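*Asks:* can't give you the sequence, but here's the structure:
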């Protein structure tokens, strides 16, 4: 049995962090959500939900949003959730861990270790060191 998050998984902190990066770039460019959505050829609702991190956009929608903002997927790769966002999802994460088959627990722990290490490294880069 392969364990994975469903496509309709609840909002996750990483999606929020990426949405925050998209929002910051849009604002930097002086665009409203409506203007940006029109320029990208996507619905305003799709744009808003991508910025809010409430829904995973379709690949073509995501590509259009990034193209409109002059971003690449690599630009968002290092988007890191804020600590309070991680805390907000603590109960969701606990439920998720409870549903993991016992034989996958070591893999989950390694993923968590790598995420924490990545979060710390991103914080160190932001402080110049």
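*Replies:* Arrived safely. Quick caveat, the model's predicted, so the values are computed rather than measured.
*Asks:* From now on I want contacts and neighbour counts done on CA atoms only, so please keep to that.
*Replies:* Noted.
*Asks:* how close does residue 104 get to residue 112?
*Replies:* Shown here: residue 104 relative to residue 112, a distance of 12 Å by Cα to Cα, to the nearest Å.
*Asks:* Any buried residues in stretch 46-65, and which?
*Replies:* By neighbour count on 16 or more other Cα atoms under 10 Å, the buried set for stretch 46-65 is 46-48, 50-57, 61-62, 64-65.
*Asks:* right, I mislabeled it, should have said stretch 32-46
*Replies:* Quick answer for stretch 32-46 (16+ other Cα under 10 Å): 33, 36, 37, 40, 42, 44, 46.
*Asks:* taking these one by one, which sit in helices?
*Replies:* Secondary structure assignment by DSSP state H places 33, 36, 37, 40, 44, 46 of those in helices.
*Asks:* circling back: which one of the buried residues of stretch 46-65 is nearest residue 29?
*Replies:* Nearest to residue 29 among the buried residues of stretch 46-65: residue 65, at 13.1 Å, using Cα to Cα.
*Asks:* Let's have the ones in helices among the buried residues of stretch 32-46 in JSON lines, adding distance to residue 18 and pLDDT.
*Replies:* Compiled in JSON lines, these are given as follows (distance: Cα to Cα, whole Å; pLDDT from 0 to 100):
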{"residue": "33", "distance to residue 18": "16", "pLDDT": "95"}
{"residue": "36", "distance to residue 18": "16", "pLDDT": "95"}
{"residue": "37", "distance to residue 18": "17", "pLDDT": "96"}
{"residue": "40", "distance to residue 18": "17", "pLDDT": "95"}
{"residue": "44", "distance to residue 18": "17", "pLDDT": "96"}
{"residue": "46", "distance to residue 18": "14", "pLDDT": "94"}
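*Asks:* Including distance to residue 14, could those residues go into TSV?
*Replies:* Listed next are these as TSV, based on distance: Cα to Cα, whole Å:
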residue	distance to residue 14
33	21
36	22
37	22
40	23
44	21
46	18
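*Asks:* Quick one: low-confidence residue ranges for this structure.
*Replies:* 1-13, 78-97, 116-129 (pLDDT under 70).
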